[in-house]
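> dropping the sequence and predicted coords here.
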Amino acid sequence: MVSRSYSNLLELASGESPSFGRMSRRIPRIMTVPGIISDTDDDPSESVFSDPSSSSVQKDRIIMVANQLPIRAQQKSDNSNNGGSSSSSSSSKGWIFSWDENSLLLQMKDGLGDDDIEVIYVGCLKEEIHPNEQDEVSQILLETFKCVPTFLPPDLFSRYYHGFCKQQLWPLFHYMLPLSPALGGRFNRSSWQAYVSVNKIFADRIMEVINPEDDFVWVHDYHLMVLPTFLRKRFNRVKLGFFLHSPFPSSEIYKTLPIREELLRALLNSDLIGFHTFDYARHFLSCCSRMLGLTYESKRGYIGLEYYGRTVSIKILPVGIHMGQLQSVLSLSETEAKVAELLKQYSDQGRTMLLGVDDMDIFKGISLKLLAMEQLLLRYPECQGKVVLVQIANPARGRGKDVKEVQEEIYSTVKRINETFGKPGYDPVVLIDEPLKFYERIAYYVVAECCLVTAVRDGMNLIPYEYIISRQGNETLDKVLGLEPSTPKKSMLVVSEFIGCSPSLSGAIRVNPWNIDAVEDAMDCALAMAEAEKQLRHEKHYRYVNTHHVGYWAHSFLQDLERTCREHVRRRCWGIGFGLSFRVVALDPNFRKLSMEHIVSAYKRTTTRAILLDYDGTLMPQASIDKSPSSKSINILNSLCRDKNNMVFIVSAKSRKTLAQWFSPCEKLGIAAEHGYFLRLKRDVEWETCVPAVDSTWKQIAEPVMNQYMETTDGSNIEDKETALVWCYEDADPDFGSCQAKELLDHLESVLANEPVTVKSGQNVVEVKPQGVSKGLVAKRLLSTMQERGMLPDFVLCIGDDRSDEDMFEVITSSIAGPSIDPGAEVFACTVGKKPSKAKYYLDDRVEIVRLIQGLASVSDQMLSVLA
C-alpha cells in the first residue's frame, strides 16, 4: 500500500478535515511556530505518485509515544566547539544530543530490526529547552534521530508530571489510597486538567508526522492514558496500541478515582491494550465490567472486549531486556576490572554478597529488606562477618515528603545494623546511594551470590533478568572468576510476589515482602541451597530470559496490533460523544439508522404488513422493576392491531400466563411466549406450540443444580416457566455472577447431555429450554400463516434488542427472496443501539423505538378516520 501522509499540516493543527493533495514520501518537517511550517519536501520527483513502484520499498512505520524521548541532551559549555554530528550524536548551538542507550524505546527498535521497520519517537526531553532554541532543536532531532520533541511550559509540566502522574496516578496504581493528605495526593482538578492538556499537546505533535492510513501508533504508560481518545477523535481508523508498564489496581482501589470512567473509556479507544501480567489485565477487565458494563471473551487464545462494535484486544506479555546491550557491557574491559575489584573486596575476604538494586521510593521495600538482613544476622550469628548485603539505591524518580521519609528510615536502619553487627573492616550492609555507571552495576550482578527484589508493589522490574544474564557471563569473566569454561553457571533469586516479573521466574524463591520472617528464611535458604539446585534454577531462568527479550516482546505486541487492526477497512466508523466520552462506533457498511420518514412512507404505501416486536429491552426497559406494559403502550398496540392490513406480534421470553394477563386489552394482538414455544394469533384463540410437546422430566435434574447456584450466589433467582428454567443473576455481583454463570452452564450441559434441551447463556441469565425453540420460529410461523391466507406481506418490521432476537432478524432477511414475502416488499430488521447485528437498521434506544411505533400507530388511526 502506498503510504499516505497529510500535505497540509496546518489543517491537522487546527483539527479540520484533511485534504489529500500531493503527498510526500519523506516525513514532513515539524511545524515549529503556529502558521509556519519548516520546509516540506515538495519536489515532484519525490512524490510517491511519480513512481508506481515506490510502494514496494515502503517500510512499515511505527510512531512510539512516551513521556520521555530516548535522547540524552547535554548543554554545551561556553568554550566548547560546535563539533560535527554523527548517527549517534548531534549538536545545536547550545546543546549536544545523543541516544540514551538505557531507554526501553530505543532497545525496542534494536529488537525489531532496522531493515523492516521505521520508528518515529514522540516525547519530552529531560532538560528544559529555551523557547528561542526549540525550533532548531526540533529540526535537529527530527533529521538526525527521527524524534519529535514535545515542549511543555515548566508550570504545566510540573502539574502534569509531579502533580497528577506522580502524586495521584502512580500511588493509586501501586495501591496507596489518599486516606490523608500525607498518604498520596488527593484528587486535584487543576492537575487533572494539566494532564489532559499535555495529552492533547502530544496528540498535536503526532498529527504533524502521522500517515494515518498506514502508520501504527504505540503509546506507553500511565502518563498518556487519555491520548488514545484525542488520536481516535482525529482519525477514527488510527492503528493504536497502548502498553501499561505499571500495575493496574483491583477494581476496589481503582473505583476510588474520581475520573475512573474517563480513563477507562480513553484506554478503550485503543485497538490493543497490553499488560505485564494476567492479574493486571484481570483487574482492568473487572473495572470495565463493573463500571462500564462491558464483558470480555476469549477466542482462540485472544482476549477481546466488544466496545461499540470495535473489538479491543488485550495483550498479556511481560517486557524483556536488551540482550545485545547487556552482553556488550559484559564484554567491556571496565566491567572485567570492576569484577576483579569486587572479588578482591568480598570473595577473597571470605564474604558472600547478597545484592539489592532499587529506586529510592516507598514501594521498593528497601527498609523491609534491611530488617530481614538484621534478623538473619541475629538468628544466625555465624553469618556475621561472612555475609554482606550490598544495597544499590538509585535516585528516586519522584519528589516529595515520602521520598525524604524513606531515605531517613533507610539511613538510620543501615547505621543501626552496622553499629550492632559491624567489625573493623566489615560492614554487614553497604549502601550505595550514588548513581552507578551501567557496567559497575553489571559487575555487582556478576559477583553477587543472590539478588533480592522485595518491592511491595512494582509494575515489572527487570533487575532479576539483568542479574540472570550477568551471572551467565562470558569466557573472559569466567577467567576472572576462576571458572572453567564447562562449569555450569548458578544464580539465586528472592523476589516479591507483588512484582510483574514474579510469575515468569518459577525458579525464584517468592516471598511476601511484608513478612520479615519469610524474607529472612528465603535469604537463609538461598545461602544454604545445594549447588546443583542453584544451577538447575539458573538454567531454567536463563532459557526464559534469553528467548523472551525486548525484541520478542515488541515484535509480539506489534504482530497482535496488526492482527487487531485488519478489520478497520471493512467497517464503517463514526464518532459519538463529547470530550473524554468520545468513542468510535464501528459497524457493517450496510448497517444504518432507521429513518422515521423512510419507514412511515413505506408504511403508507403498503397494504399487507407483518410487525414483530420484542418486549423486554425493546418496548420495556430491561432495568424496570415493574415489567407490565403501560396504558400508553397498550393504546399504541391496539391502534396498530385495529388496522386490518396489519398482523402484529409481541415476542417475549415471559410465560404465556403473564403475557395473556398483561395484554388482555389487546384483542387482535398476536403473542409468542417463552421464546416462541407457545403462540396465539389473537386473544380469543387457543394457544398452540411451534414444536412438538416435550417431556419436562428434565426439570427434576436441572432444578436442584440451579438451586445450588442460587443459594451460593447472592442476588440471583430462578424463574420456572412451563417449558423452561431460567437462572437470573441481574442483581448479583457482576464478576461473581458471571463466573457462576459459566460454571452453571458447564454443569447443566454435563448433567443434561442426554436430554432434549439446550442450555444457553444470555444477558445476565442461564436458560434451559427445549431444543429447536427460538424467536426465529415465530417469524417463520407468522410469515407462513399469512402465506396460507393469501396475504404476502409487502411490509415487514421486526425490532429486538438482544442476542435471542438475532434469530428473528436472520429469518426475516433470508426470506426476502423467498415465496413468503412479496418480491417488492419493504423489509426493516431493526436492533436497539449501534452494535454488531444481523439487522440492517438500528435505533439508538427504547425511546426512539416507542416514538417509531407510536408514529406508525398514528398513521393507521389517520387512515382509519379517513375511511370512516
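Ah, there it is.
> so Ile599, which state does it fall into?
helix (DSSP: H, G, I helix; E, B strand; the rest coil).
> try Phe97
strand.
> what is the burial count for it?
As a burial measure, Phe97 scores 25 neighbours (other C-beta atoms under 10 Å). C-beta here means a position set from N, CA and C on the backbone, and glycine is covered the same way.
> any idea which element the spatially closest residue to it that is not a sequence neighbour lies in?
Nearest non-adjacent residue to Phe97, counting by C-beta to C-beta, 6 or more residues apart in numbering: Ser90, 5.1 Å away. With secondary structure defined by DSSP states H and E, Ser90 is part of strand 89-91.
> now that strand: average pLDDT?
Averaging pLDDT along strand 89-91 gives 69.
> let the chain start at 139 from now.
Noted, 139 is the first residue going forward, which turns the last one into strand 227-229.
> my read: Phe302 touches Trp330, true?
Yes: between Phe302 and Trp330 a contact is recorded at 5.9 Å, counting by C-beta atoms under 8 Å.
> the more surrounded of those two?
Phe302 (25 against 20).
> relative to Met363, how far out is the more buried one?
10 Å (C-beta to C-beta, to the nearest Å).
> right, and Phe340 touches Val260 too?
Yes: between Phe340 and Val260 there is a contact under C-beta under 8 Å: 6.5 Å.
> between these two, which contacts overlap?
203, 288 (C-beta atoms under 8 Å, 6 or more residues apart in numbering).
> show me the shaky parts of this protein.
Where the chain drops to pLDDT under 70, the residues are 139-196, 216-227, 229, 251-253, 320-323, 536, 760-762, 1006.
> burial of the residue nearest to Phe235, as a residue count?
20.
> same check, this time on the one 3 residues further on
Using other C-beta under 10 Å as the criterion, Lys231 is surrounded by 9 other residues.
> how about Glu849?
9.
> repeat for Asn374
18.
> where does the nearest residue to it once chain neighbours are set aside land in three-state SS?
Using C-beta to C-beta, 6+ apart and skipping residues adjacent in sequence, the residue nearest Asn374 is Cys711, 4.0 Å away. Judged by three-state DSSP, the three-state class of Cys711 is strand.
> wouldn't Cys711 be in contact with Arg721 here?
No: using C-beta under 8 Å as the test, Cys711 is too far from Arg721 to be in contact (10.4 Å).
> find the centremost residue of the protein, please.
Nearest to the mean C-alpha position of the chain, by C-alpha atoms, centre = their mean, lies Ile411 at 3.2 Å.
> the nearest residue to Lys837 once chain neighbours are set aside - how many residues pack around it?
Nearest non-adjacent residue to Lys837, counting by C-beta to C-beta, 6+ apart: Leu863, 6.1 Å away. Neighbour count for Leu863, taken as other C-beta under 10 Å: 22.
> what helix or strand is Leu750 on?
Counting by DSSP H and E, Leu750 is part of strand 747-752.
> what strands line up against that strand, and which way round?
According to DSSP bridges, strand 747-752 forms sheet pairs with strand 784-789 (parallel), strand 933-938 (parallel).
> among the ones you listed, which is nearest Arg370?
strand 933-938 (29.7 Å; C-beta to C-beta).
> could you export that closest one as CSV, CA atoms only?
C-alpha atoms of strand 933-938 as CSV (Å, rounded to 0.1, in the frame of the first residue of the first chain):
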residue,chain,number,x,y,z
PHE,A,933,-44.1,-4.5,4.6
VAL,A,934,-42.2,-6.4,7.3
LEU,A,935,-40.9,-4.7,10.5
CYS,A,936,-39.0,-6.7,13.1
ILE,A,937,-37.5,-5.0,16.2
GLY,A,938,-35.4,-6.5,19.0
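> run the chain-centre distance for it.
Relative to the centre of its chain, strand 933-938 is centred 37 Å away, using C-alpha atoms, centre = their mean, to the nearest Å.
> equivalent analysis for stretch 291-303, please.
Distance of stretch 291-303 from the chain centroid (C-alpha atoms, centre = their mean) equals 25 Å.
> repeat that for stretch 273-287.
Using C-alpha atoms, centre = their mean, the offset of stretch 273-287 from its chain centre is 31 Å.
> now swap in stretch 269-280 and tell me
That offset, for stretch 269-280, works out to 34 Å (C-alpha atoms, centre = their mean).
> again with stretch 918-936
Taking mean C-alpha positions (C-alpha atoms, centre = their mean), stretch 918-936 and its chain are 47 Å apart.
> what's it in contact with?
With C-beta under 8 Å, 6+ apart as the criterion, stretch 918-936 contacts 737, 740-741, 744-750, 785, 787, 808, 814, 817, 819, 828, 917, 943, 946-947, 949-950, 953, 957-960, 962-968, 977, 994.
> in strands only, show me these.
747-750, 785, 787, 808, 817, 964-968 (DSSP state E).
> just the CA atoms of whichever strand or helix holds Ser335, as PDB, please.
Element membership of Ser335, judged by DSSP H and E, is helix 327-345. Once non-C-alpha atoms are left out, helix 327-345 reads as follows in PDB (Å, rounded to 0.1, in the frame of the first residue of the first chain):
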ATOM      1  CA  ARG A 327      -8.900  19.200  39.400                       C
ATOM      2  CA  SER A 328      -6.100  21.600  38.300                       C
ATOM      3  CA  SER A 329      -3.600  18.700  38.000                       C
ATOM      4  CA  TRP A 330      -6.100  16.600  36.100                       C
ATOM      5  CA  GLN A 331      -6.700  19.500  33.600                       C
ATOM      6  CA  ALA A 332      -2.900  19.800  33.200                       C
ATOM      7  CA  TYR A 333      -2.700  16.000  32.500                       C
ATOM      8  CA  VAL A 334      -5.500  16.300  29.800                       C
ATOM      9  CA  SER A 335      -3.800  19.400  28.300                       C
ATOM     10  CA  VAL A 336      -0.400  17.600  28.000                       C
ATOM     11  CA  ASN A 337      -2.000  14.600  26.400                       C
ATOM     12  CA  LYS A 338      -3.700  16.900  23.900                       C
ATOM     13  CA  ILE A 339      -0.300  18.600  23.100                       C
ATOM     14  CA  PHE A 340       1.200  15.100  22.500                       C
ATOM     15  CA  ALA A 341      -1.700  14.400  20.100                       C
ATOM     16  CA  ASP A 342      -1.000  17.600  18.200                       C
ATOM     17  CA  ARG A 343       2.700  16.600  17.800                       C
ATOM     18  CA  ILE A 344       1.700  13.200  16.500                       C
ATOM     19  CA  MET A 345      -0.600  14.800  14.000                       C
END
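> by contact count, what packs against that helix?
helix 147-152, strand 198-206, strand 255-262, helix 292-295, helix 365-372 (3 or more C-beta pairs under 8 Å, 6 or more residues apart in numbering; DSSP states H and E).
> how far off centre is the next helix or strand along the chain from the shortest one?
From helix 292-295 onward toward the C-terminus, using DSSP H and E, the following helix or strand is helix 308-311. Helix 308-311 sits 17 Å away from the centroid of its parent chain (C-alpha atoms, centre = their mean).
> Arg818 and Val934, how far apart?
Arg818 is 20 Å from Val934, by C-beta to C-beta.
> correct me if wrong: Val376 contacts Leu369.
Yes: taking contacts as C-beta under 8 Å, Val376 lies within contact range of Leu369: 5.1 Å.
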